[in-house]
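In: The amino acid sequence is not available; the structure is as follows:
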């Protein structure tokens, strides 16, 4: 007992110095960290803070170096060191101790250690290598907290060279039973993909599995990887479009748990991510875009709340609609949405509207006309961000007719702007507009002078370089070249005669070069006069050494005559002893060349810029020297990138000697070794996801097959695509009548209501007519990035003859690739794997349109289409309508027009309800149709085989199979022969193996004609899960017993049918009628319902009216049945 008391008394001082609760967020009055923070807040100067922090760091250093410091004390020391580093003071001595704390401490201490390491070190820090073993050990731990901490550190920072050491362990965590582990593993792989994409190419199929994860958080994490990969290679992931659309439909429909809602908006950041992915997939692809039209319309309609996150979703919807292949209805809705944003009195929404208008104005330039007065008002808006975005919009609609007004507005903003980024950005835009749309030489030179003066030395160096190149190369007209250069010389001489000391250095350098090259064009201007003006620049204090070098080079070109030589000698003597070696060299050159006119004429000939220079890029004149050096034993030349790669390889760590206990040895951890046999066998079906490294830099040549040529030496090539012209929508003017305005407001309640626009003043109307001139007719539109009708004024001379083709390339409407079963992972475990809700039957024309509008690639869909020859097949999945096998069915004139297949139903099935008979496949000889008949305890699929030929069909073999259903034949013997113009019937009994919202039966029919080779056709038949649901009659006591025994459940709030006092009863009756449910009992505001899934798989429902909604709780012993039934309950109530 005395030992226990002694240990307690020994531990009391340390306990009192820390928080009584380790997890408490409050600082104890005796905590050293709390004392440090309070001491810093009481200081009055930065110097006092430095002294206090230095004392604190010295104390921390002494304590962490002491062998008597416990792990708990080390934890507090690390927290104090983190705080000092946050204030900007280096605590590098604590880095190694943070790593030790992460290696040796308890779970809470390891957490602090990992936190300190992630804050102290970067990815290239050498101490980070010491953490690799700790991460490996924690990844193999059975403690979930340790695994989470290790994955968090890996996803934040990890050495690129050490990825192979932990990659197998991270891959294993994708199959972990805990959602948080799987989510963090996906984020870690996303980090690996960003820093070393080649390391994770072999596990792209596992990314697809993460996309299908039951946990929405894991699925959301995988979207980061897919967005990155799709942006790099959109063609390789077209097959996933239907899956992304399905996920977005579920999110918009509120199928995710309530935890993902933000201000009652379902998973807004997930919606934004999916919209960005869809915009990349649907760009310039009509067939892919048609798949996402419905969900985009639904997203626009669902965004009803006036909240910032809703506006963000609307903005992404608008961008997506204008990025993908256009559809008139969606374009009109997006245009009205933009208009409501622009007309909003709120600054944030107005900025969002301008941002969206700037993005879409290239596709629909007339849209800017609808809001021209609002744009004019934004030019005078007090908020600078609104002004800047308005100028960006005007930049996009600039043409040859409005360039002077728009450039003047930009320059006015530049003169008052104090933001460096805005200045650099606008200066570049003004220079681009001036070069492209300048009306005359005087305006061009004056505008560029203003650009150089306002932009100063902050502008990008390519702006003055491009200007000098434009003057040097000349244009199509020699006379125009001379006029432009003469006006530039006159302008620059007048500037030098004024106050050149106030001009920026880059502008002075441009002036020096132009005067040196072209001042001789003005006959009355003496070279000595120019040299005296330039010599004044040398005496100015603000002139930099680089500018003085330009001036000395200009003087070297102009030193003619006695007066010029005299000025040159004075300048050369002044700078021949300069400490700047470059200036001293230029002064020596000036001195020697001014005394030897013949040498100067050869070194700096006049009009040398007009002669093309032949540059020997291969340096062939050095071949002899190189050959001699190599023969003498010199090392061959290596490019810089090759030297860096070899240096990196030399510094790379060798992992082979460490016998790490990994599932796969690191020494053999190559990409090919880690592939599964399934992936290797199916790699040919993966579009862009295979292990072939050619896409990631395996080839150094660009593949330009099928790529439009849109950029040339003269800038953007004039093109006009008829598809875009026909898709443009005429949006009504914002100045509408009150009735029209009310109608627009009621139809678009999801966006802010625009305020009435005041009557524009005459001055603003005149400004609008100047700014938006050229946008009224499509023929005169001249946009940045679009075709222009007026020729460009400054058009550089072509260096070599070239021909351009104006023919526009057509985009393929569908992508067909070989089927792959690897991608069937996408069809498993999704909350809702189908697009529509109930079995629909399409006519052959509708069916062919649907089949043409879908992208049949990589197993996204699973209906096999067979042409009339039965040779080519495509795989399609997730369509609730059975697609006809013939993409373009033809009407046979000899075929009966009103063939009634329902009369061929077997007599034992005629008394039961059946679905509409749906065509399955068709060719010249054989037509297959089907329907399903709902019996009390079974579901029968009836297949009709119609022989439309004039001869008998023999050796008929009909085979059905399904992953979701048990299929068994009902008839005693299969059909072997069908006579001419007759119908045969086959029956199959269906039962559910694995619940899914829509289940599918695939099949193949083979037959033999009297003349010819054997024929075959493939088909599929989809039917909703509700076809298998039957009422389950129970008592309340039996219901309670079964409820407690079931473990799989789901919860969701559904729409309540509002019919007064009987709302609950009315809602349950609707569900009973549409889904064949049995209402067990209704007690007050609660009700219990039961049903069963063939064969004998029960599902129970508990309903409660709460806050005007119906809170539904489903339970079943079958894992996926509650989710599927919840989906149909939601659809049934929405359609009522």
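Out: The structure has been received and is ready for your questions. Predicted model, so just to flag it, every value in this text is computed and none were measured.

In: Secondary structure class of residue 916, three-state.
Out: Here residue 916 takes the coil state, with states given by DSSP: H, G, I helix; E, B strand; the rest coil.

In: Hmm, it is touching residue 931, no?
Out: Yes - with contact taken as C-beta atoms under 8 Å, residue 916 and residue 931 are classed as touching, separated by 6.6 Å. Where you see a C-beta, it was placed from the backbone N, CA and C, and this is true even at glycine.

In: quick one: which of the two has more around it?
Out: Regarding residue 916 and residue 931, a neighbour count based on other C-beta atoms under 10 Å identifies residue 931 as having more, with 22 against 10.

In: For that one, give me the pLDDT.
Out: Looking at residue 931, its pLDDT reads 90.

In: ok so it is a strand residue?
Out: Yes - when the secondary structure is assigned by three-state DSSP, residue 931 falls within a strand.

In: gap between it and residue 944?
Out: From residue 931 over to residue 944 the distance is 8 Å, taken as C-beta to C-beta, to the nearest Å.

In: so what's in contact with these two at the same time?
Out: Contact criterion C-beta atoms under 8 Å, 6 or more residues apart in numbering; residues shared by residue 931 and residue 944: residue 917.

In: I'd like to know the beta-bridge partner residues of residue 1083.
Out: residue 1086 (DSSP bridges).

In: neighbours around it, how many?
Out: Using other C-beta under 10 Å, residue 1083 has 9 other residues around it.

In: Residue 900 now?
Out: Counted with other C-beta under 10 Å, residues neighbouring residue 900 total 9.

In: And for residue 957?
Out: Residue 957 is flanked by 14 other residues according to other C-beta under 10 Å.

In: can you tell me which helix or strand it belongs to?
Out: Here residue 957 is covered by strand 954-961, with elements defined by DSSP states H and E.

In: Not counting its own residues, what contacts the helix or strand just after that strand?
Out: Read in the C-terminal direction, the helix or strand following strand 954-961 is strand 965-969, with elements assigned using DSSP H and E. Identification of contacts with strand 965-969 by C-beta under 8 Å, 6+ apart yields 941, 960-961, 986-993, 999, 1001.

In: Please check the residues you listed and keep the buried ones.
Out: Burial by neighbour count, judged by 16 or more other C-beta atoms under 10 Å, picks out 941, 960, 986, 987, 988, 989, 990, 991, 992, 999, 1001 from the contacts of strand 965-969.

In: Just to check, the third one is in contact with residue 978?
Out: No - under the criterion of C-beta under 8 Å, residue 986 is not in contact with residue 978, lying 10.7 Å apart.

In: Quick one: list the elements packing against the strand holding residue 957.
Out: Helices and strands touching strand 954-961, by 3 or more C-beta pairs under 8 Å, 6 or more residues apart in numbering; DSSP states H and E, are strand 939-947, strand 983-992, strand 998-1008.

In: Taking their axis directions, the longest one and strand 939-947 sit at what angle?
Out: In this case it means strand 998-1008. On the basis of axes from the mean of the first three to the mean of the last three C-alpha atoms, to 10 degrees, strand 998-1008 is oriented at 30 degrees to strand 939-947.

In: Who are the packing partners of strand 998-1008?
Out: On a contact count with 3+ C-beta pairs under 8 Å, 6+ apart, strand 998-1008 meets strand 926-934, strand 939-947, strand 954-961, strand 965-969, strand 983-992, strand 1015-1024.

In: and that strand, which strands flank it?
Out: Strand pairing for strand 998-1008, using DSSP bridges, gives strand 954-961 (antiparallel), strand 1015-1024 (antiparallel).

In: what comes up buried for that strand?
Out: Neighbour counts using 16+ other C-beta under 10 Å place 998, 999, 1000, 1001, 1002, 1003, 1004, 1005, 1007, 1008 of strand 998-1008 among the buried residues.

In: repeat for stretch 280-295
Out: 280-282, 284-293, 295.

In: I'd like the mean pLDDT over stretch 940-950, please.
Out: In this model, stretch 940-950 carries a mean pLDDT of 87.

In: Any idea how far the strand or helix carrying residue 628 is from the middle of the chain?
Out: Here residue 628 sits within helix 623-631, counting by DSSP H and E. Averaging C-alpha positions (C-alpha atoms, centre = their mean, to the nearest Å) puts helix 623-631 52 Å from its chain's average.

In: And for that helix, what's in contact with it?
Out: 636, 637.

In: follow-up on the earlier one: quick one: which of the contacts of strand 965-969 is nearest residue 139?
Out: Distances from residue 139 to the contacts of strand 965-969, taken as C-beta to C-beta, are shortest for residue 993 (36.3 Å).

In: Any stretches of the stretch 301-450 of the chain with poor pLDDT?
Out: Applying pLDDT under 70 to the stretch 301-450 of the chain flags the ranges 304-305.

In: What segments of it are helices?
Out: Here the stretch 301-450 of the chain has its helices, by DSSP state H, counting those that start in this stretch, at 308-323, 328-342, 347-360, 367-370, 372-379, 384-396, 403-416, 420-437, 441-455.

In: Output the below-cut-off pLDDT ranges for the stretch 751-900 of the chain.
Out: 751-899.

In: nearest residue to residue 229 other than its sequence neighbours?
Out: Distances taken as C-beta to C-beta, 6 or more residues apart in numbering put residue 237 closest to residue 229, at 6.7 Å, once the chain neighbours are dropped.

In: can you confirm that neighbour is in a helix?
Out: Yes - the assignment for residue 237 by three-state DSSP puts it in a helix.

In: My read is that it contacts residue 227, right?
Out: No - in terms of C-beta under 8 Å, residue 237 does not count as a neighbour of residue 227; the distance is 10.2 Å.

In: the more surrounded of these two?
Out: residue 237 (24 against 16).

In: From residue 428, how far off is residue 459?
Out: Between residue 459 and residue 428 the distance is 7 Å, computed by C-beta to C-beta.

In: the more surrounded of those two?
Out: The residue with the greater number of neighbours, taking residue 459 and residue 428 and applying other C-beta under 10 Å, is residue 459; the counts read 21 against 16.

In: ok, the nearest residue to that one once chain neighbours are set aside to residue 948 distance?
Out: Once its chain neighbours are removed from consideration, residue 459 has its nearest residue in residue 427; the separation is 4.7 Å (C-beta to C-beta, 6+ apart). Distance, residue 427 to residue 948, using C-beta to C-beta: 73 Å.

In: coming back round to it: okay, among the buried residues of stretch 280-295, which ones form the most distant pair?
Out: The most widely separated members of the buried residues of stretch 280-295, counting by C-beta to C-beta, are 284 and 295 (19.4 Å).

In: wait, doesn't residue 474 sit right on residue 481?
Out: Yes - checked against C-beta under 8 Å, the pair residue 474 and residue 481 is within contact range at 4.3 Å.

In: ok, and what's touching stretch 346-358?
Out: 308, 311, 315, 318-319, 337-344, 367-368, 371, 375, 378, 383, 385-386, 389-390, 392-393, 396, 752.

In: One more: stretch 38-56?
Out: Under the criterion C-beta under 8 Å, 6+ apart, external residues in contact with stretch 38-56 comprise 36, 80, 84, 87, 89.
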